[in-house]
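A.B. asks: Could you work out the structure for the sequence below:
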Amino acid sequence: MVRIVSVAAAIAALFLAASVAWANEPRVITVTGYGEVAAKPDMATITLGVTNADKEASAAMAVVSANVTRILEALNKAGIAPTDIQTRQLTLNPLWSNQSSVSKNDPEISGFSASNTVMVRIRDVDALGAILDAVVKEGGNRFERLQFGLQDPAPLMDDARRAAVADAMARAALLAEAAGVPLGPVQSISDISGGVQPRMMEAAAARSSGMPIAGGEVTVQANVTMVFAIGE
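C.D. replies: Residues are numbered from 1 along each chain as shown. Model prediction:
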């Protein structure tokens, strides 16, 4: 009997401790808000270059170097600042023959492939098509990436954060109303870093000259987590 009473007392003590802990837990509503602002891009980043193959390594690299030199001169004439041009990759690789699994001969080097790629920031998007045309005319035959962006996304990021906070407050108010409790003051706000993302459009105007380019829009996105007290 004593043992049964002791077990019952221990269980009761556990329930009491859990009730006290639950009562001491803060009464809050936690929500995440999302904000997005769209804008026309005013900058493009492209990765381009030259690839060439030849039996001799020096000949393969010589063509690549000559073409890249002309491309850099064309970019300079187009008004691209040297600080907006950066070499990203320079490679020279052997080309192998007799690599077939059924061939009885040892693999041999039949030539070499040389490549030079550069990253270019273009701060006049309207000139992008003409610049790409000029690159192709000067021997550019390697295009790896084209990404639109914003030169100064900070003001739009502020607008996106404001929209995210407004969204979070609206969500919290809705949840409090649905639960039948008053919404208390804000307890904390956490800013989750957003970013600039490309946004596809159903139609976008091509540039007036050069290679046709559709810039569309980019979006600046922000997320916040807000904690609200539940009012009395």
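
A.B. asks: the longest strand in the chain is where?
C.D. replies: As assigned by DSSP state E, the longest strand anywhere in the chain is strand 183-199.

A.B. asks: What strands line up against it, and which way round?
C.D. replies: Partner strands and pairing direction for strand 183-199 (DSSP bridges) are strand 217-230 (antiparallel).

A.B. asks: quick one: buried residues of the partner strand?
C.D. replies: For strand 217-230, the buried set under the neighbour-count rule, 16 or more other C-beta atoms under 10 Å, comprises 218-224, 226-228. Where you see a C-beta, it was placed from the backbone N, CA and C, and this is true even at glycine.

A.B. asks: would CSV of these with distance to Tyr34 and pLDDT be doable?
C.D. replies: Converted to CSV, the buried residues of strand 217-230 look like this (distance: C-beta to C-beta, whole Å; pLDDT from 0 to 100):
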residue, distance to Tyr34, pLDDT
Val218, 17, 90
Thr219, 11, 91
Val220, 12, 92
Gln221, 7, 93
Ala222, 8, 94
Asn223, 6, 95
Val224, 8, 96
Met226, 12, 97
Val227, 16, 97
Phe228, 17, 97
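
A.B. asks: Show me what stretch 127-143 is in contact with.
C.D. replies: Contacts to stretch 127-143, defined as C-beta atoms under 8 Å, 6 or more residues apart in numbering, come from residues 44, 46-51, 63, 66-68, 70-71, 73-75, 77-80, 115, 117, 120, 122, 206-207, 209-213, 215.

A.B. asks: try stretch 151-167
C.D. replies: 33-37, 39, 42-43, 123, 150, 189, 191, 194, 196, 220-224, 226.

A.B. asks: which among these end up buried?
C.D. replies: 33-37, 39, 42-43, 150, 194, 196, 220-224, 226.

A.B. asks: From Asp84, how far off is the residue nearest the centre of the chain?
C.D. replies: Centroid-nearest residue in the chain, with C-alpha atoms, centre = their mean: Gln197, separated by 6.1 Å. Counting by C-beta to C-beta, to the nearest Å, the gap between Gln197 and Asp84 amounts to 22 Å.
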